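1. Kindly generate the corresponding structure for this input.
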Amino acid sequence: MAFPCSSKLLFLLCLVLFQSSSLAKTTSPPKQFFLPIHKDASTLQYVTQIKQRTPLVPIRLVLDLGGRALWTVCEHGYISSTIRTAGCNTTQCRLAEASSNCLTCSWGPFGPGCTNAPTCWRFPLNSVTRGTAPSELASDIVAINAVGPEGRAGKIVTVPQFVFICASTANVGGLAKGVAGMAGLGRTRISLPAQLASTLNLKRSFALCLSSSTSSKNDGVVIFGEEPYEYDLQGNISSSLKYTPLILNKQNTEDEVLRTESSAEYFIEVKSIKINNKTVELNSTLLQLNDRGFGGTKISTVHPYTLLETSIYKAVIKAFVNELKNVTRVAPVAPFGACFSSKNIGITRVGPAVPTIDLVMKNGVVWRVFGANSMVKVNKDVLCLGFVDGGEPTFIASILIGGHQVEENLLSFDLEKLRLGFSSSLLSKRTTCSKYRPKP
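-> Below is the predicted model of the structure:
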């Protein structure tokens with residue numbers, strides 16, 4: 001039963017209780033954090049920005065879903081009172097699996113990225129150019145946006161002693177203009193989601209939603225921490241996700257110097273492909289990871305379009321063209337192999353009216369790809385199927401799902417239950433990735 005605060009004593013008591021309740025609400029630690037992601041128009045790379053160092057400095061980074069760590073250039077102009085190099089046999093060194101790589105930088109000038117004391121070294125991979133070079137491991141402060149109580153935008157939270165790799169200027173070749181490194185979200189203990197979960201006591205999960213727009217007003221987002229993932233108009237999109245297991249590739253096939261380590265990338269098991277609900281005939285053994293780590297299906301944010309092993313690519317192209325046989329086919333526009341006149345292709349809420357492409361997974365779970373994600377508009381009159389011939393199986397997966405195919409899809413990477421949640425196109429739900437906005 002509630003009592004009115006009529007007397008002075010009761011009024012003071014009510015005031016204390018109200019302040020205590022308010023304090024409890026405002027001091028509860030945030031359970032969700034986010035970073036905006038902008039699609040760079042010239043490179044089609046997905047770029048985010050964090051703040052790092054003391055005092056804090058904004059740093060632009062290309063998002064790398066399968067990247068092992070956050071790496072940024074320290075070679076010139078890195079000024080911070082809180083940077084620390086990772087000495088040999090330290091906790092940071094062990095977390096980065098770098099204990100066996102303890103070296104001294106002897107060429108100078110000495111500073112961040114080049115110290116004359118033995119430190120742990122790693123190989124930060126530029127996933128766009130496939131280039132790497134030995135670089136020092138270090139730690140410094142980073143800052144990230146918190147989501148406060150009731151989904152409201154919270155304050156900027158600083159994370160001390162965040163482990164990253166000090167790379168050389170040569171490592172940023174091929175990245176978007178103004179970018180100083182890459183933000184790795186991969187399956188390691190020093191990736192961005194792993195360190196945030198450990199330091200901020202978050203659920204070991206994150207969500208990714210890439211915008212198809214290059215407008216600065218339509219950014220996508222990466223969300224760290226627990227659900228729900230709230231979207232304007234549609235509310236909790238995460239409640240309607242479908243799930244499939246995440247597969248661990250025990251063999252790193254991405255770089256020669258990292259071959260002894262497990263892959264940091266995210267693999268799923270696609271069992272078949274359907275176009276217009278018809279199964280595509282292909283060599284199903286290619287859909288499995290072999291004992292050398294080749295094959296299977298992985299998701300990438302550094303490849304703009306999906307790559308298919310040559311025989312799978314030919315089978316998909318043939319089946320898609322056959323289902324779209326009433327539309328005029330035109331000369332291919334590189335890097336695509338199947339292009340069409342757009343004059344007889346209608347437009348729907350989920351993009352061009354073309355045959356759907358289904359990735360069929362365990363227990364019949366289907367990731368449906370609609371026209372907005374399957375087709376690429378190369379000019380006002382031509383649409384191309386946005387899949388690329390990846391060549392014979394060498395250092396890539398048989399199916400490498402690229403950025404265009406996951407745009408406007410909400411992907412949830414649950415690292416506790418080892419599963420991937422996916423929404424298929426948010427356009428079908430009348431929303432987009434840019435609609436994730438914590439309340440002001």
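2. Correct me if wrong, but Leu411 is in a strand.
-> Yes - judged by DSSP: H, G, I helix; E, B strand; the rest coil, Leu411 forms part of a strand.
3. Am I right that it is in contact with Ser424?
-> No - look at Leu411 against Ser424 with CB atoms under 8 Å: they stay out of range, at 10.5 Å. For the C-beta atoms, the positions are set from N, CA and C on the backbone; glycine is no exception.
4. what are the ranges of the helices in the stretch 251-400 of the chain?
-> For the stretch 251-400 of the chain, applying DSSP state H, counting those that start in this stretch gives helices covering 310-323, 371-374.
5. Please name every helix or strand in contact with the shortest one.
-> Translated: helix 371-374. strand 351-352, helix 403-406 (3 or more CB pairs under 8 Å, 6 or more residues apart in numbering; DSSP states H and E).
6. Just put those in a markdown table and tack on mean neighbour count and distance to Leu192.
-> Formatted as a markdown table, the helices and strands packed on helix 371-374 follow (neighbours: other CB atoms under 10 Å; distance: least, CB to CB, whole Å):
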| stretch | mean neighbour count | distance to Leu192 |
| --- | --- | --- |
| strand 351-352 | 20 | 31 |
| helix 403-406 | 24 | 18 |
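7. How about the secondary structure of Ser239?
-> helix.
8. Who are the contact partners of the closest residue in space to Val333 that isn't next to it in sequence?
-> In space, and not counting its chain neighbours, Val333 is closest to Val378: 4.7 Å by CB to CB, 6 or more residues apart in numbering. Residues in contact with Val378 (CB atoms under 8 Å, 6 or more residues apart in numbering) are 333, 336, 339, 384.
9. burial of the nearest residue to the second one once chain neighbours are set aside, as a residue count?
-> The spatially closest residue to Phe336, leaving aside those adjacent along the chain, is Cys384, at 3.8 Å (CB to CB, 6+ apart). Look at Cys384: counted by other CB atoms under 10 Å, it has 23 neighbours.
10. Same question for the one 5 residues further on.
-> Look at Asp389: counted by other CB under 10 Å, it has 16 neighbours.
11. Surely it touches Leu308?
-> Yes - taking contacts as CB under 8 Å, Asp389 lies within contact range of Leu308: 6.8 Å.
12. Can you pull the residues that touch both of these two?
-> With CB under 8 Å, 6+ apart, Asp389 and Leu308 have no common neighbours.
13. The helices of the stretch 251-400 of the chain: which one's closest to Lys417?
-> Shortest distance between Lys417 and the helices of the stretch 251-400 of the chain, using CB to CB, is found for helix 371-374: 25.7 Å.
14. And the closest one, how far out from the chain middle?
-> Distance, stretch centre to chain centre, for helix 371-374: 19 Å (CA atoms, centre = their mean, to the nearest Å).
15. cool, stretch 385-392 as well?
-> 21 Å.
16. Then stretch 418-425?
-> 13 Å.
17. Just give me the neighbour total for Val73.
-> Neighbours of Val73 (other CB under 10 Å): 22.
18. Touching, it and Val179? I think so.
-> No - the criterion here is CB under 8 Å, and Val73 misses it with Val179 at 9.4 Å.
19. so what's in contact with these two at the same time?
-> Contact criterion CB under 8 Å, 6+ apart; residues bridging Val73 and Val179 by contacting each: Val172.
20. Let me see the confidence value for the residue positioned nearest the centre of the chain.
-> Centroid check for the chain by CA atoms, centre = their mean gives Leu65 as the closest residue, at 3.7 Å. For Leu65, the model assigns a pLDDT of 98.
21. One more: Ser99?
-> For Ser99, the pLDDT comes out at 67.
22. Beta-bridge partners for the residue lying closest to Val369 once chain neighbours are set aside, please?
-> Using CB to CB, 6+ apart and skipping residues adjacent in sequence, the residue nearest Val369 is Ile357, 4.2 Å away. On DSSP bridges, the residues paired with Ile357 through beta bridges are Ile275, Val369.
23. Kindly provide the distance from Ile357 to Glu265.
-> 22 Å (CB to CB, to the nearest Å).
24. in the stretch 301-440 of the chain, what spans have low per-residue confidence?
-> Counting by pLDDT under 70, the stretch 301-440 of the chain has low-confidence residues at 393-395, 437-440.
25. quick one, strands of it?
-> 306-308, 329-330, 339-341, 347-348, 351-352, 357-361, 366-369, 375-379, 382-385, 387-389, 399-401, 409-414, 419-425 (DSSP state E, counting those that start in this stretch).
26. elements contacting the second one?
-> Right, the one you point to is strand 329-330. So strand 329-330, by 3+ CB pairs under 8 Å, 6+ apart, packs with strand 339-341.
27. Pull up the pairing partners for the strand it packs on, direction included.
-> strand 329-330 (antiparallel), strand 382-385 (antiparallel).
28. Let me have the strands of the stretch 301-440 of the chain in a markdown table, adding distance to Ser100 as columns.
-> Shown next, in a markdown table, are those (distance: least, CB to CB, whole Å):
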| stretch | distance to Ser100 |
| --- | --- |
| strand 306-308 | 33 |
| strand 329-330 | 55 |
| strand 339-341 | 50 |
| strand 347-348 | 55 |
| strand 351-352 | 49 |
| strand 357-361 | 38 |
| strand 366-369 | 39 |
| strand 375-379 | 44 |
| strand 382-385 | 46 |
| strand 387-389 | 37 |
| strand 399-401 | 30 |
| strand 409-414 | 29 |
| strand 419-425 | 32 |
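29. between those strands, which gets nearest to Gln251?
-> Here strand 399-401 is closest among the strands of the stretch 301-440 of the chain (CB to CB), at 15.8 Å.
30. How is the chain divided into domains?
-> When the chain is parsed with automatic domain parsing, its domains come out as 32-226, 235-435.
31. what about the stretch 151-300 of the chain, any weak spots by pLDDT?
-> 151-154, 232-235, 253-260.
32. cutoff 80 now
-> Along the stretch 151-300 of the chain, segments meeting pLDDT under 80 span 151-154, 230-236, 238-239, 252-261.
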